[in-house]
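In: build me a model from this:
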Amino acid sequence: MLKIFGEHYYVDFDEIEKFISLPPSPSEIISGITENQISITRYEMIKIFLETVLTENEPIDETLGSKSSGMSLSFKFAFNTLINKNIITKY
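Out: Modelled structure (predicted):
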């Protein structure tokens, strides 16, 4: 496992599925026929954020912790958003 900011993190696939899934429409509930539908906007944003976090090339200075300035703004934004939505979770 990799340490980021002194903590171990993982990507929670169940949370991704919950986050991008759309609830069934009232007509689907009445008929009893439901299909899995996803929000394309949410799917694409999560995909981009995960790609940003997983491909960051800047070195992380563990001694600075959260004050590290070696990370790009896009990494910080993506990481914080994924933490906030419970997509990335502390282990």
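In: mind listing the strands for this protein?
Out: 3-4, 7-11, 88-90 (DSSP state E).
In: so which elements touch the last one?
Out: The one in question is strand 88-90. strand 7-11 (3 or more CB pairs under 8 Å, 6 or more residues apart in numbering; DSSP states H and E). All C-beta atoms are positioned from the backbone trio N, CA, C, and that covers glycine.
In: list the buried residues in the strand it packs on.
Out: residue 9 (16 or more other CB atoms under 10 Å).
In: could the C-alpha coordinates of that strand be exported in PDB?
Out: These are the backbone C-alpha positions of strand 7-11, laid out as PDB (Å, rounded to 0.1, in the frame of the first residue of the first chain):
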ATOM      1  CA  GLU A   7      -2.300   7.600   5.700                       C
ATOM      2  CA  HIS A   8      -3.200   4.600   3.600                       C
ATOM      3  CA  TYR A   9      -6.100   5.100   1.100                       C
ATOM      4  CA  TYR A  10      -8.100   2.900  -1.200                       C
ATOM      5  CA  VAL A  11     -10.700   3.400  -4.000                       C
END
